[in-house]
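Visitor: one predicted model, sequence on top.
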Amino acid sequence: MSKVIGIVSEGPTDYLVLKAVIDKITGECNRYLSLQPERDMIGRFGNGWKGVWRWCKETESVNMLMKEVQPQMDAIVIQMDGDVIRKEKEAHCLCDSTTCENKGKVFPLYCDNYATECPVIIPCESHENGIKAMMEHGEELLKSALNAGEMSQIVITIPCDSTDAWVVAAYDGMDDIETREDPWKTIIAKKKDYHGIRVRGDKKNVRTYAAFSDMVAERWDKVTQICSSAKRLDQEVKRVFWI
């Protein structure tokens, strides 16, 4: 039976990938609600990873939201790319190794001292290097911001380095793709086309990404064998829907 699934994502291309692969995992044509970002990409929280983090922080009760929104949602999937952990100082404000007078007092995204006086050092000493550590830190970051309590119907996914890595895994079978920084610029958009699909510079196009998403879903088994972050999503969706 198909489900109603809310998606909180960094942007519209991530939304396309998530819809395609969740349908593949569940074997159903599900109904999806884009909870974040809003259609105009400005909205209350803005787009990108900061918008995802703000949504988690400022949504008063995620479980209540699931019941109140009509049609009532069966699950919520929240996505933030792993490159956030690799390169964004705010993601490490609350880490054990960070010493700051604002720590625990001001939510990192609202800190006025970030631009000039931020003491965060990357790579963060609180974490080991590697894809697993990146995913775990990203998951904990969003969980700590959520006012959810019960997480049984919530899936958090941290694609590494981004959902673009899943595209490369689907097409090229590149075993180390999760360790490659910015695969969109360095691989997919490096030429005018990628596997016969026209790519217009560095800017992602929803129409183009629809084709990429279909291929990721079609070759999902291959992607999960290559990308541990994809495997993690696969396991979490199956957990939620008892597959």
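Guide: Received, thanks. Residues are numbered from 1 along each chain as shown.
Visitor: let me know the outermost residue of this structure.
Guide: Here the chain reaches farthest from its C-alpha mean at E101, the gap being 29.8 Å by C-alpha atoms, centre = their mean.
Visitor: ok, now how distant is it from C93?
Guide: Plainly put, E101 is 12 Å away from C93 if you go by C-beta to C-beta, to the nearest Å. The C-beta positions use only the backbone N, C-alpha and C, and glycine is treated the same way.
Visitor: which non-adjacent residue is nearest P183?
Guide: Using C-beta to C-beta, 6 or more residues apart in numbering and skipping the chain neighbours, the partner closest in space to P183 is D164 (4.4 Å).
Visitor: distance from the helix or strand hosting that neighbour to the middle of the chain?
Guide: Using DSSP states H and E, D164 sits in helix 163-172. Remark: helix 163-172 is offset 15 Å from the chain centroid, using C-alpha atoms, centre = their mean, to the nearest Å.
Visitor: same question for the following helix or strand past that helix, mean pLDDT?
Guide: Under the assignment DSSP H and E, the closest C-terminal helix or strand after helix 163-172 is helix 183-186. The pLDDT scores in helix 183-186 average 94.
Visitor: which parts of helix 183-186 are buried?
Guide: Residues of helix 183-186 classed as buried: 183-184 (neighbour count, 16 or more other C-beta atoms under 10 Å).
Visitor: other residues contacting it?
Guide: 161-162, 164-165, 167-168, 177, 180, 202, 204 (C-beta atoms under 8 Å, 6 or more residues apart in numbering).
Visitor: gap between the residue farthest from the centre of the chain and C111?
Guide: As defined by C-beta to C-beta, E101 lies at a distance of 11 Å from C111.
Visitor: over to N63?
Guide: N63 sits 29 Å away from C111, going by C-beta to C-beta.
Visitor: local confidence estimate at the closest residue to S61 other than its chain neighbours?
Guide: In space, and not counting its chain neighbours, S61 is closest to N147: 5.7 Å by C-beta to C-beta, 6+ apart. Reported pLDDT at N147 in the predicted model: 71.
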